[in-house]
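In: Just a sequence and a predicted model for now, questions to come.
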Amino acid sequence: MTTAIENYNRPLVGLGLSFLLMVSSLILMEFGIESGLLFMMTAIANLLYLTIVWFINKRANRVITPSWRQKEIRVAVLILGALFLIGAIESYFHAIIFVIIFVELLFFLFVFGYDQFTQTTNATPGVMENEKSRFSPWMYWLFIIGNGLLLIIGEDYFTDKDQFGVAILLYFCSLFFLFTRWFFKQARFLLNLKTEKNRTELQHLQSQVNPHFFFNMLNNLYGLVDKDTKKAQQLILKLSDMMRYSIYDGQKERVSLAEEVDYLRNYLDLHQMRYHKKIDLKFETEIEDDQLQLMPLLFIILVENAFKHGVENLRANAYVHLSLKATANSIAFSVENNFDEEEVSTPTGLGLRNLKRRLELVYPKKHNLSTLKTANTYRAVLTIDQL
């Protein structure tokens with residue numbers, strides 16, 4: 001079954017063509033060119049055709065297929081070509097400027113018609129081949145500028161004709177419309193390009209979170225396999241659950257707060273199983289809605305840094321305290337840990353830079369990440385508003 005796609009520009013183009021034909025008809029008849037009557041008849045026939053086709057398709061619950069639209073364009077090219085040729089021949093005996101305009105229109109129509117009649121189609125009915133058009137953009141500008149020059153030149157010759165003044169007004173209104181349309185298309189293209197660039201960068205950054213975390217964990221598990229096999233097996237099972245979340249849910253744009261909290265609890269349980277020393281771990285939560293949607297793997301970097309730079313280097317009295325408060329549209333997360341004063345502080349790593357960039361992309365001007373370092377404690381606070 002062929003899938004038909006409705007072209008929403010088609011009715012607008014048809015109505016615009018009928019309007020231009022009617023205006024052309026009035027101008028021609030004002031100068032005594034009888035072929036203007038043909039322009040008027042064609043405009044009325046086009047309006048009737050659009051109405052009948054719309055009514056039939058509405059009753060039959062059908063839409064216009066691409067192949068049918070192509071046939072419509074070809075028929076319109078032939079009819080307009082005949083009208084312009086008749087207008088050019090008759091205008092020769094009334095006003096030479098109209099001959100020039102009709103010849104220019106015929107040239108424009110010939111190039112456009114050549115492009116339409118030489119297009120090939122795919123084997124699938126109703127689906128046009130995606131090939132490069134032969135109708136170059138410079139031809140549009142040549143046509144627009146050429147008509148503008150003709151109207152300016154003919155202004156003195158047809159000063160006493162009101163219809164010619166209307167034609168000039170319509171020309172400049174059309175020119176303003178085309179420029180405005182081009183400007184907004186360019187602005188939308190640049191906006192989409194920036195959005196796509198940010199999305200690609202965000203996906204790349206999120207893909208870096210997983211190896212950064214699991215690389216450290218696998219290194220820690222390596223030394224535990226020979227010492228405590230049963231404990232190592234439990235850690236591997238716990239780690240596999242976390243990897244499943246990171247690989248599948250971690251690549252999503254949004255996850256629920258409940259899923260993130262479970263992920264953090266698994267991470268803390270894993271560390272409690274892994275270390276032989278006693279660690280003071282606290283995770284306090286105050287959540288109004290655990291289905292609140294947020295960026296995945298949002299807190300793990302801060303928690304991982306607390307263990308890496310604090311617990312790892314302390315032989316005793318190590319602690320990590322976590323706090324998470326969430327309202328209907330905001331989140332406040334804090335991590336506090338102690339560390340060995342004698343350890344040389346390392347520069348900011350990849351994980352924290354990664355987190356800051358992800359926050360800038362997903363929550364621009366809606367987040368705040370602050371840190372406070374004292375003699376032997378380190379505290380990081382992340383707040384996000386207007387989720």
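Out: Sure, I can see it. Residues are numbered from 1 along each chain as shown.

In: okay, CA-based contacts and neighbour counts for the rest of this
Out: Will do.

In: Tell me which helix or strand S240 sits in.
Out: S240 belongs to helix 229-248 when assigned by DSSP states H and E.

In: who does the helix or strand that that helix is followed by pair up with?
Out: With elements assigned by DSSP H and E, the helix or strand that comes after helix 229-248 is strand 255-256. Here strand 255-256 is paired, per DSSP bridges, with strand 293-294 (antiparallel).

In: Next, the buried residues of the helix holding S240.
Out: Judged by neighbour count using 16 or more other CA atoms under 10 Å, the buried positions of helix 229-248 are 232, 235-236, 238-239, 242-243, 245-246.

In: And stretch 33-40, by the same measure?
Out: Buried residues in stretch 33-40, counted by 16+ other CA under 10 Å: 33, 35-40.

In: Do a quick rundown of the helices in the stretch 251-387 of the chain.
Out: Secondary structure of the stretch 251-387 of the chain (DSSP state H, counting those that start in this stretch): helices located at 257-274, 300-309, 350-362.

In: got the contact list for the second one?
Out: It stands for helix 300-309. By CA atoms under 8 Å, 6 or more residues apart in numbering, the residues outside helix 300-309 that reach it are 213, 264, 320, 335-337, 339, 351-352, 355, 380.

In: Can you tell me which of those residues are buried?
Out: Applying 16+ other CA under 10 Å to the contacts of helix 300-309, the neighbour count classes 213, 264, 320, 335-337, 339, 351, 355, 380 as buried.

In: In strands, which of these appear?
Out: With DSSP state E as the criterion, strands contain 320, 335-337, 380 from among these.

In: on that earlier part again, closest one to L26 among the helices of the stretch 251-387 of the chain?
Out: L26 lies closest to helix 350-362 among the helices of the stretch 251-387 of the chain, at 57.0 Å (CA to CA).

In: got the CA coordinates for the closest one in PDB?
Out: Taking Å, rounded to 0.1, in the frame of the first residue of the first chain, the C-alpha atoms of helix 350-362 are listed here in PDB:
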ATOM      1  CA  LEU A 350      37.400  14.700  33.300                       C
ATOM      2  CA  GLY A 351      34.300  13.700  35.300                       C
ATOM      3  CA  LEU A 352      33.700  17.100  36.900                       C
ATOM      4  CA  ARG A 353      34.400  19.000  33.600                       C
ATOM      5  CA  ASN A 354      32.000  16.600  31.900                       C
ATOM      6  CA  LEU A 355      29.300  17.200  34.500                       C
ATOM      7  CA  LYS A 356      29.700  21.000  34.200                       C
ATOM      8  CA  ARG A 357      29.300  20.900  30.400                       C
ATOM      9  CA  ARG A 358      26.300  18.600  30.500                       C
ATOM     10  CA  LEU A 359      24.600  21.000  33.000                       C
ATOM     11  CA  GLU A 360      25.300  23.900  30.700                       C
ATOM     12  CA  LEU A 361      23.700  22.100  27.800                       C
ATOM     13  CA  VAL A 362      20.600  20.700  29.500                       C
END
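
In: And that helix, what's buried?
Out: 351, 354-355, 358-359, 362.

In: next one: phi and psi at E34?
Out: For E34, the backbone dihedrals (degrees, to the nearest 10) come out as phi -70, psi -20.

In: so who does it touch?
Out: Each residue near E34 by CA under 8 Å, 6+ apart is listed here: 28, 90.

In: follow-up on the earlier one: I'd like the helices of the stretch 251-387 of the chain as TSV, with mean pLDDT appended.
Out: Putting the helices of the stretch 251-387 of the chain into TSV (pLDDT from 0 to 100) gives the following:
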stretch	mean pLDDT
helix 257-274	87
helix 300-309	88
helix 350-362	83
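
In: Now render the ones you listed as JSON lines, adding distance to L17.
Out: Below are the helices of the stretch 251-387 of the chain laid out as JSON lines (distance: least, CA to CA, whole Å):
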{"stretch": "helix 257-274", "distance to L17": "55"}
{"stretch": "helix 300-309", "distance to L17": "61"}
{"stretch": "helix 350-362", "distance to L17": "45"}
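
In: With V63 as the reference, name the closest of those helices.
Out: Short answer: helix 350-362, nearest of the helices of the stretch 251-387 of the chain by CA to CA, at 39.6 Å.

In: what separates the helix holding S240 from the chain centre, distance-wise?
Out: Helix 229-248 sits 37 Å away from the centroid of its parent chain (CA atoms, centre = their mean, to the nearest Å).

In: Which elements pack onto that helix?
Out: In terms of contacts (3 or more CA pairs under 8 Å, 6 or more residues apart in numbering; DSSP states H and E), helix 229-248 is packed against helix 162-222, helix 257-274.
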